[in-house]
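Trainee: I need the structure of the sequence given here:
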Amino acid sequence: MRTTIVLLVLYMLVMLFSGCIEPEVTTKPIATPTPTATPTATPSPRGSYQNPADVFETVMATQNGEILEITVLSVERGETVWQELYAANPFNEEPKQGFEYLLIKVRIAHTSGESPTIITSFSFKAYAEDVGYGPALVVLPKDRPDLESVELMPGGQTKGWICFEVPKNKPVLIAYEYLLEPVCCIDVGS
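Mentor: Numbering: from 1, shown residues only. This next block holds a predicted model:
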């Protein structure tokens, strides 16, 4: 039997080298790389931290299925604001070294949903140089009523002033926050 196998292998080798049997050759076409489109970055939604809205621009904020419209109606900052705060109450503290007071007037409307939404001045933060600042504890002038803590039902709206202490002459974003996370941002400039 062994002799038969050896003879068979020898026969195949002879046939292969004599050209009677051709080895099977398969070819694959050379894959040419197809140009891939460079993905374009999708812009962040308007009113996000990366793409904040502007003053007077209404931003939609969604929380727990409730839709709010938030608009910054007015922005004031600097020495004039400090003088007004001091005149309103001499016990208001002067801003820290390198800081100034920023006043914003904001309107919030509860435009869609089924549940009430609690709104307070502490629903807002001022971000400057990537640091968030909560509302300053100051007494505002009588002609600038505080944003009151309210429970907005669908269809309701409120407005009022909020004061922040922020770094002088730095760009500031006002963020409406829900559960300590910014939901929408508005650029109020420097």
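Trainee: residue ranges with poor pLDDT in the chain?
Mentor: Confidence mapping of the chain against pLDDT under 70 gives the ranges 1-41.
Trainee: one more pass at 80, please.
Mentor: Across the chain, residues meeting the criterion (pLDDT under 80) sit at 1-43, 180.
Trainee: show me where it has strands.
Mentor: Assigned by DSSP state E, the chain shows strands spanning 53-54, 59-63, 66-77, 99-112, 117-119, 124-128, 131-133, 150-152, 157-167, 172-178, 181-189.
Trainee: looking at those, which is closest to residue 140?
Mentor: Each of the strands of the chain has some distance to residue 140 by C-beta to C-beta; the shortest is strand 157-167, at 5.7 Å. Quick note: C-beta positions are derived from backbone N, CA and C, even for glycine.
Trainee: buried set for the closest one?
Mentor: For strand 157-167, a neighbour-count test (16 or more other C-beta atoms under 10 Å) marks 158, 160, 161, 162, 163, 164, 165, 166, 167 as buried.
Trainee: and it, C-alpha only, in PDB?
Mentor: Presented in PDB, the C-alpha positions along strand 157-167 are these (Å, rounded to 0.1, in the frame of the first residue of the first chain):
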ATOM      1  CA  GLN A 157     -45.300  82.800  32.500                       C
ATOM      2  CA  THR A 158     -43.200  84.900  34.800                       C
ATOM      3  CA  LYS A 159     -40.400  87.400  34.600                       C
ATOM      4  CA  GLY A 160     -38.000  89.200  36.900                       C
ATOM      5  CA  TRP A 161     -34.400  90.200  37.600                       C
ATOM      6  CA  ILE A 162     -31.500  88.100  38.800                       C
ATOM      7  CA  CYS A 163     -28.200  89.400  40.000                       C
ATOM      8  CA  PHE A 164     -24.900  87.500  39.600                       C
ATOM      9  CA  GLU A 165     -21.300  88.300  40.700                       C
ATOM     10  CA  VAL A 166     -19.000  87.400  37.800                       C
ATOM     11  CA  PRO A 167     -15.400  88.100  36.800                       C
END
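Trainee: what's the angle from that strand to strand 181-189?
Mentor: Note on geometry: by axes from the mean of the first three to the mean of the last three C-alpha atoms, to 10 degrees, strand 157-167 and strand 181-189 are set 70 degrees apart in direction.
Trainee: thought residue 92 was touching residue 84?
Mentor: No. Residue 92 lies out of contact with residue 84 (C-beta atoms under 8 Å); the separation is 9.6 Å.
Trainee: how about the closest residue to residue 54 other than its chain neighbours, what does it touch?
Mentor: Excluding its sequence neighbours, the residue lying closest to residue 54 (C-beta to C-beta, 6 or more residues apart in numbering) is residue 187, at 5.9 Å. Each residue near residue 187 by C-beta atoms under 8 Å, 6 or more residues apart in numbering is listed here: 52, 53, 54, 55, 171, 172, 173.
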